[in-house]
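Everything below, folded, please.
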Amino acid sequence: MKSMTAAAFGLILFSSAALAATAEGTWISQDGGTKIRLSDCGGKLCGTVVWLNKPIDRTTGKPKTDKLNPDPAKRARPLLGLQVASLTASGSNKWSGNIYNADDGRTYQASFQVQSESIAKVQGCVLAVLCKSHTWTRSN
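Coordinates of the predicted model:
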């Protein structure tokens with residue numbers, strides 16, 4: 001019985017360790033159009049756009065910019081290299097903070113939860129009531 005209990009305890013520890021995946025790395029958005037690199041930035045988790053499936057703006061023929069930003073002074077900045085997330089740890093495999101969506105120029109209250117080594121759930125909310133979830137996949 002003692003060895004069986006030890007084996008069961010070991011299995012529980014192994015299972016818990018397997019679920020403890022890091023958020024740092026490069027993630028692909030649910031629609032496959034953007035890759036975001038999450039990395040440590042002063043104790044927070046920051047997300048930066050590192051790849052776009054369609055990096056050229058069809059209307060201008062130039063690299064996409066943050067043209068929908070509510071601040072006119074920021075509309076000319078390139079989307080590649082743009083920091084779009086700032087998150088702090090809020091639990092085991094969970095972070096919360098803000099995510100900027102360049103598709104609509106809005107910043108959302110957000111949560112990020114690593115569900116496995118290769119899958120994360122991202123949720124953005126307006127007024128903490130209207131929320132939308134996306135699944136991000138880890139990029140190699």
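
Okay, now the unreliable bits of the chain?
1-20, 128 (pLDDT under 70).

Can you list the residue ranges for strands in it?
For the chain, strands defined by DSSP state E occupy the ranges 25-28, 34-41, 44-52, 83-91, 94-101, 106-114, 119-126, 130-138.

who's in contact with the third one?
Contact with strand 44-52 is made by 23-24, 26, 33-40, 64, 79-89, 95, 97, 99, 102, 112, as judged by CB atoms under 8 Å, 6 or more residues apart in numbering. Every residue, glycine included, has its C-beta placed from N, CA and C.

do the same with the shortest one
Contacts made with strand 25-28 from outside it, assessed by CB under 8 Å, 6+ apart, are listed as Thr34, Lys35, Ile36, Arg37, Leu38, Val50, Trp51, Ala120, Trp136, Thr137, Arg138, Ser139.

Between the two ends of stretch 46-66, what distance do you get?
Taking CA to CA, to the nearest Å, stretch 46-66 runs 18 Å from one end to the other.

buried residues in it?
By neighbour count on 16 or more other CB atoms under 10 Å, the buried set for stretch 46-66 is Cys46, Gly47, Thr48, Val49, Leu52, Lys64, Thr65, Asp66.

export the residues you listed to a markdown table and tack on distance to Lys74?
Putting the buried residues of stretch 46-66 into a markdown table (distance: CB to CB, whole Å) gives the following:
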| residue | distance to Lys74 |
| --- | --- |
| Cys46 | 17 |
| Gly47 | 17 |
| Thr48 | 15 |
| Val49 | 14 |
| Leu52 | 17 |
| Lys64 | 13 |
| Thr65 | 9 |
| Asp66 | 6 |
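
Switch the strands of the chain over to CSV; also include distance to Thr59.
Formatted as CSV, the strands of the chain follow (distance: least, CB to CB, whole Å):
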stretch, distance to Thr59
strand 25-28, 25
strand 34-41, 19
strand 44-52, 15
strand 83-91, 22
strand 94-101, 19
strand 106-114, 21
strand 119-126, 26
strand 130-138, 26
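
my read: Asp104 touches Asp66, true?
No: in this structure Asp104 lies outside contact range of Asp66 using CB atoms under 8 Å: 11.4 Å.

Return the backbone torsion pair for Asp104.
Dihedral pair for Asp104: phi -130, psi 0, per degrees, to the nearest 10.
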